[in-house]
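> 3D, please:
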Amino acid sequence: MASMEYSYNDGNKCIVPCLNCNDGPEQAFLQHAATLHGSNNTERPEMKQTEDFLASEMNKLSVQERANALADVHCVGEELKETPEMIEKGLAEFQKAVEEAKNPVYEMACQQNRSYVEDPTLRLQFLRANFYDVGTSVRKMMNVLQYKAKYFGHDMVARDITLDDLNEEEMELILSGLCHIQDGRDRSGRVVLYVFTHMLGRCRADTLIRAAYYVCLHIIVPIPEVQTKGAVVVFYDLSNPGNQFPGPGLNFAMETMQVTTALPIRNSAMHFCLKPRKGGAALSDEILRVGVDNFSRHERVRTSLYFGSDLELRYHLRGRGIPTDTMPVGEVGNLLEDIILNSWFYKHRDERNKNHLPLAEFDELFSKEPLAFSLQSLESEEMVDTGGYHEDQTSEDTETARHATMELDLVNEEELPSSGSVAGVQPRDQDVMLGKGKSYQNHPGNVYFRAFLEKYLDDYDKSPRHKRRHMCANLAHMLKAKGVRFIVQQGPEGWVECDSGAAEKKIGQLFRSLRKTETARHATMKLDLVNEEELPSSGSVARVQPRDQDVMLGKGKSYQNHPGNVYFRTFLEQYLDNYDKAPRQNRRPMCANLANTLRAKGVRFIEQQEGSEVWVECDLEVA
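Next comes the predicted model:
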């Protein structure tokens, strides 16, 4: 009997040598299985286009390349070897290529959250998936950002997609049994992913793409073995032979394959398991040819087509190093849904929930507690070393006369985590992320952290300057004792827990930021009270007395920290995207309109005359 594998064949003769081509116990078993299950090669669907194309791709390889491809297919290939120098060089070349590409979607993502698209972890996923081919890696990352904007929305380009972003239809598709991650690994330690092709014609393309994006990017790709060894994908026709099948259309195949092949997954082997049926296979020759045409050359020469009953297909996959005891399909084509269907998803969800706190627990974790120290007791204590934290010098030096009695439970030092940095941590919802951008600001731990510090802002402002470091240190210790970690992302090492000094510095910085926000809020309240009749004319200068709501023109911190200037910057940030998108010739009128808007609220643009203490209001053009 001829081999049941039909990858790269000519009639019944295998062009690519495979394990099944040699006579032996397994070949005898397959012959017996074919007899029992009525498998007949004459019922085999015609796949000439696809087979000829795959054979021609294989024939283009050198002897060594062909050997490497067969080693991957038969589960004896090697994993990706990395060195620190290789990672550093790859990331540097990646950054250079990104700058040269000048991709508009990437630029849009940078405006939203630069730290997201410059994250080394994300970039390394693309580099590893493409064997550090920088050009291909950058191109695929740009494609993924473009598809992300198309299918999830432009405002989602620079942040992770979460389960909350998927609608009910997409969640149903994930849990429908369309795909399955096999428990355990194959003989080479690779992840095995099943896609059941009989269901592809029952969903819309955009639904499949959004669901596949989440599964691939947030469940499969983060698995370490996927990045170093690649993944094995099994496309399995689960329907019964002879049944009619609502197959996917050509446009569906083209759209979905273009998106999924751009994702940062290196497919080390791809097995198509087909069955006889009326009117052709679950995947027609035309559809299958479109699919493999979107594969990279690396994937094409590692693609195999098999044909037969479920029992025969199981033994073909076993010959490729895939364990049969955890396969999701039984010997008679039954899906083992009661045992293992969706177990991979529930495991992911449970792991996610471990790092996801209910709102009530957040409230308890970041609740205000009495800070039980008196300022008098602190005067006799030495200052805490905060690892480089320094309070900004402002005009508040006269504040030392103001004292606030605060009660603080000093945390037992034995209960505190180590002050050294800890590498390789997994972010949790209750952690505080150090970094810039909306993704950090909107992280649940950061949101509650800001609310937590707001409760102590008055105490902080009333404290003498030389006592504030100690207050920051005690607040950091309080949060750490409750299990809150201060973490920062550091290149290939991933997330690292910061030491106490970095945590104290973060608290001091946020206190100063909250103070500026509060000052701007008061300035805004004053603006609303300005009487329209008091508005200055748009003409040139007049002597004025500075007010909190005025914008002072000048350089230095005294100008930057003036309440009106703080509010002014906050006001303009709201229009930054509109300004950037506006044609150059429209920007000047836009500035004039904004100046008039502010002047209508009573905001004056003032500057101090050189060599004097006289303030004058500037005209509209200067504003």
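
> Distance-wise, check Gln545 relative to Gly554.
Separation of Gln545 from Gly554 (CB to CB, to the nearest Å) stands at 16 Å. Using the backbone N, CA and C atoms, a C-beta is placed for each residue, glycine as well.

> which of the two has more neighbours?
Regarding Gln545 and Gly554, a neighbour count based on other CB atoms under 10 Å identifies Gly554 as having more, with 12 against 7.

> now stretch 187-197: mean pLDDT?
Stretch 187-197 shows an average pLDDT of 91 in the prediction.

> ok, and what's touching that stretch?
Around stretch 187-197, the neighbours that count as contacts under CB atoms under 8 Å, 6 or more residues apart in numbering are 75-77, 79, 177-182, 185-186, 220, 223, 225-226, 229-238, 268-269, 282-283, 321-323, 328-329, 335.

> what comes up buried for that stretch?
By neighbour count with 16 or more other CB atoms under 10 Å, stretch 187-197 contains the buried residues 188, 190-197.

> again with stretch 554-572
561-568, 571.

> Tell me the one of the residues you listed nearest Asp164?
Here the nearest of these to Asp164, counting by CB to CB, is Phe571; it sits at 31.4 Å.

> Pretty sure that closest one sits against Asn565.
No - taking CB atoms under 8 Å as the definition, Phe571 is not a contact partner of Asn565, at 10.4 Å.

> What is the helix or strand hosting Met86 packed up against?
Take DSSP states H and E as the rule and Met86 turns out to sit in helix 84-101. Taking 3 or more CB pairs under 8 Å, 6 or more residues apart in numbering; DSSP states H and E as contact, the helices and strands that helix 84-101 lies on are helix 120-129, helix 134-152.

> any idea which of these is most buried?
Comparing the helices and strands packed on helix 84-101 by mean neighbour count (mean count of other CB atoms under 10 Å), helix 120-129 comes out on top with a mean of 22.

> For Pro464, which of the helices and strands packed on helix 84-101 is the nearest?
Between Pro464 and the helices and strands packed on helix 84-101, the shortest gap by CB to CB is with helix 120-129, which sits at 42.1 Å.

> For that closest one, give the mean pLDDT please.
Over the span of helix 120-129, the pLDDT mean works out to 92.

> just checking, what packs against it?
Packing partners of helix 120-129 (3+ CB pairs under 8 Å, 6+ apart): helix 84-101, helix 134-152, helix 224-229.

> Downstream of the longest one, the next helix or strand is which one?
Looking back up the chat, that one is helix 134-152. Next helix or strand after helix 134-152 toward the C-terminus (DSSP H and E): helix 168-174.

> Mind telling me which residue is nearest the centre of this structure?
Nearest to the centroid of the C-alpha atoms of the chain, with distances taken as CA atoms, centre = their mean, sits Asp160, at 3.6 Å.

> From Thr121, how far off is it?
For Asp160 relative to Thr121 (CB to CB), the value is 11 Å.

> can you confirm Asp325 is in a strand?
No - in this structure, Asp325 is coil, not part of a strand, as judged by DSSP: H, G, I helix; E, B strand; the rest coil.

> So what does it have for phi and psi?
Taking degrees, to the nearest 10, you get phi -70, psi -20 for the backbone angles of Asp325.

> cool, and Ala269?
Dihedral angles for Ala269 - degrees, to the nearest 10 - are phi -160, psi 140.

> again with Glu607
phi -140, psi 160.

> List the residues that contact Gly554.
For Gly554, the contacting residues are 607-608, taking CB under 8 Å, 6+ apart as the criterion.

> What score does it have for pLDDT?
For Gly554, the pLDDT comes out at 84.

> Surely Asp186 touches Cys75?
Yes - counting by CB under 8 Å, Asp186 sits close enough to Cys75 to count as a contact (5.5 Å).

> any shared contact partners between the two?
Shared between the contact lists of Asp186 and Cys75 (criterion: CB under 8 Å, 6+ apart) are residues 320-322.

> Tell me how many other residues surround the closest residue to Phe571 other than its chain neighbours.
Taking CB to CB, 6 or more residues apart in numbering, and ignoring the residues beside it in sequence, Phe571 has Leu598 as its nearest neighbour in space, at 7.1 Å. The criterion is other CB under 10 Å. On that basis, Leu598 has 21 neighbouring residues.

> Flag every buried residue along whichever strand or helix holds Leu598.
Using DSSP H and E, Leu598 maps to helix 584-600. Within helix 584-600, the residues that count as buried by 16+ other CB under 10 Å are 594-595, 598-599.

> Tell me which other helices or strands that helix touches.
Taking 3+ CB pairs under 8 Å, 6+ apart as the contact definition, the neighbouring helices and strands of helix 584-600 are helix 563-573, helix 576-581.

> Could you export these as CSV, including mean pLDDT and distance to Arg314?
What follows is the helices and strands packed on helix 584-600, written out as CSV (pLDDT from 0 to 100; distance: least, CB to CB, whole Å):
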stretch, mean pLDDT, distance to Arg314
helix 563-573, 81, 60
helix 576-581, 77, 55
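
> so which of those helices gets nearest Asp619?
With CB to CB, the closest approach to Asp619 among these belongs to helix 563-573: 17.1 Å.

> what's the angle from the closest one to helix 584-600?
140 degrees (axes from the mean of the first three to the mean of the last three CA atoms, to 10 degrees).

> Show me how far helix 563-573 is from its chain's centre.
Averaged C-alpha coordinates place helix 563-573 at 31 Å from its chain's average position (CA atoms, centre = their mean, to the nearest Å).

> Kindly report the same for stretch 576-592.
For stretch 576-592, the gap between its own C-alpha mean and the chain's C-alpha mean amounts to 32 Å (CA atoms, centre = their mean).

> Thanks a lot, catch you later.
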